[in-house]
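Chemist: Okay, predicted coordinates and the sequence, questions at the end:
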Amino acid sequence: MSLTVNQLGETGINVTRLGFGAMEFRKNTKYFDYVPEKEANTILNMVLDAGINFIDTSIDYGESEELIGKSISHRRSEFVLATKCSCPVGMTITGGGKDHVYTRDRIVAGINQSLKRMKTDYLDLVQLHGSPSIDVINELEVIETLNDVKKEGKIRFIGVSTSLPMLAQFISLGFFDAFQIPYSALNRTHEDWISKSFNAGIGTIIRGGVSKGEFVSKGLLKQEASWREMYKTQYHEWDYFTQAGLDDLLEEGESKTSFLLRFTLSHPELNTTIVGTANQQHFKDNIATANKGILSEEIYLEAKKRLDLIGISPSK
């Protein structure tokens, strides 16, 4: 069974509704286990072999871009490549970069570095990382900078990784081709805003669609205390699954993670959701879940109803 494909906003690019996030290829940090280059190569090629054609990464994700370049640059025509800019450049960020600067020099340097690291002549989508204010965008001429780089042929489309309240302002701005938005059954804040973005012709890329998976809720992680610090929101979110009685809606043998992924994929205005892993079996499970298809309308609506009852509802 092949993965479902649809268009990313009005870009004309077709993407698989299940995408791949390469964040977990950061090497040897206090949050992420070391991923050997050979293992990363295996998983990235498994991604393409399975039919996934959307891969998202960032300068902030340590050696992730370099591993993509080493592993699958020879298969460049098979996938849509998205990364992020405004991140620190010229060094390896092993713990996640937070120093986002939106000057022309930083943006251009980051894009050029990404091109070199991933051994490609162009990036399909470059997203601003850190969701700057409209004032910063105007003051630093961010739009002009990105348009200039686009004219050079180095990038095809422009997006931003964002959330409310900036998401609403960015829709009104009318500049971006795609938004990367947090969303899952356990965090429905942006549920209606995904639809509003889609209806405005903007591509929707969902992150956090499985709330980091059951391994977060069970504490099956490297240095659990550090993970609780980094992903405290997702740890808390998993309590909602039981509080809402979603266990009763699971099919026989279905995992909670599988249910969450199918819930996310059931959103009609989702273009793609990026799910990352450095574990081959987890990846195979995600593929099996995606191929299983979305939730039935009855189960989907019942899940929403139960989540509404405990206050896990969309933001208007």
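Modeler: Good, I have the coordinates. Please read these numbers as outputs of a predicted model, since none were measured by experiment.
Chemist: tell me the average confidence for stretch 117-135?
Modeler: Across stretch 117-135, the average pLDDT comes to 96.
Chemist: now do stretch 204-220
Modeler: Looking at stretch 204-220 alone, the average pLDDT works out to 67.
Chemist: hey, where'd the helices end up in the stretch 151-300 of the chain?
Modeler: Secondary structure of the stretch 151-300 of the chain (DSSP state H, counting those that start in this stretch): helices located at 166-173, 191-199, 214-217, 224-230, 232-243, 256-265, 280-292, 297-309.
Chemist: Same question for the stretch 1-150 of the chain.
Modeler: With DSSP H, counting those that start in this stretch as the criterion, the stretch 1-150 of the chain has helices at 37-49, 64-72, 104-117, 134-139, 142-151.
Chemist: can you list contacts of the second one?
Modeler: Under the contact criterion C-beta atoms under 8 Å, 6 or more residues apart in numbering, helix 64-72 has outside partners 22-23, 25-26, 35, 37, 40-41, 44-45, 48, 55, 57-59, 78-79, 81, 83, 114, 117-120. Every C-beta, even on glycine, is put in place using the N, C-alpha and C of the backbone.
Chemist: swap in the first one?
Modeler: With contact meaning C-beta under 8 Å, 6+ apart, helix 37-49 is reached by 20, 22, 25, 55, 67-68, 70-72, 75, 78-79, 277-278, 280, 283.
Chemist: where are the low-confidence patches of the stretch 151-300 of the chain?
Modeler: Scanning the stretch 151-300 of the chain with the threshold set as pLDDT under 70 gives 211-235.
Chemist: Please repeat the previous calculation with a cut-off of 50.
Modeler: 215-227, 230 (pLDDT under 50).
Chemist: re earlier: just the buried ones from the contacts of helix 37-49, in PyMOL syntax?
Modeler: The PyMOL command for the buried members of the contacts of helix 37-49 (criterion: 16 or more other C-beta atoms under 10 Å) is given here:
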select buried, resi 20+22+25+55+67+68+70+71+72+79+277+278+283
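Chemist: Tell me the one of the contacts of helix 37-49 nearest residue 161?
Modeler: For residue 161, the nearest member of the contacts of helix 37-49 is residue 22. The distance, counting by C-beta to C-beta, is 14.0 Å.
Chemist: before we move on, the earlier item: deepest-packed of the helices of the stretch 1-150 of the chain, please.
Modeler: Compared across these, helix 64-72 shows the largest average neighbour count, a mean of 22 (mean count of other C-beta atoms under 10 Å).
Chemist: what angle sits between it and helix 37-49?
Modeler: Relative orientation of helix 64-72 and helix 37-49, computed by axes from the mean of the first three to the mean of the last three C-alpha atoms, to 10 degrees: 70 degrees.
Chemist: wait, doesn't residue 274 sit right on residue 57?
Modeler: No: with contact defined as C-beta atoms under 8 Å, residue 274 does not reach residue 57; the gap is 9.5 Å.
Chemist: which of these two has more neighbours?
Modeler: More neighbours surround residue 57 than the other of residue 274 and residue 57, with 26 against 22 (other C-beta atoms under 10 Å).
Chemist: Surely that one is in contact with residue 19?
Modeler: No: in this structure, residue 57 sits apart from residue 19 without contact. The criterion is C-beta under 8 Å, and the distance is 11.0 Å.
Chemist: if we can go back for a sec, reformat the helices of the stretch 1-150 of the chain as a markdown table; add distance to residue 316.
Modeler: Shown next, in a markdown table, are those (distance: least, C-beta to C-beta, whole Å):
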| stretch | distance to residue 316 |
| --- | --- |
| helix 37-49 | 36 |
| helix 64-72 | 36 |
| helix 104-117 | 33 |
| helix 134-139 | 21 |
| helix 142-151 | 28 |
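Chemist: Looking at the ones you listed, which is nearest to residue 301?
Modeler: Between residue 301 and these, the shortest separation by C-beta to C-beta is 32.1 Å, and it involves helix 37-49.
Chemist: what distance separates that closest one from the centre of its chain?
Modeler: 18 Å (C-alpha atoms, centre = their mean, to the nearest Å).
Chemist: Between helix 280-292 and that helix, find me the angle.
Modeler: Relative orientation of helix 37-49 and helix 280-292, computed by the same axes, to 10 degrees: 10 degrees.
Chemist: So for stretch 122-134, what gets flagged as buried?
Modeler: Result for stretch 122-134 [16+ other C-beta under 10 Å]: buried residues 123, 124, 125, 126, 127, 128, 129, 130, 131, 132.
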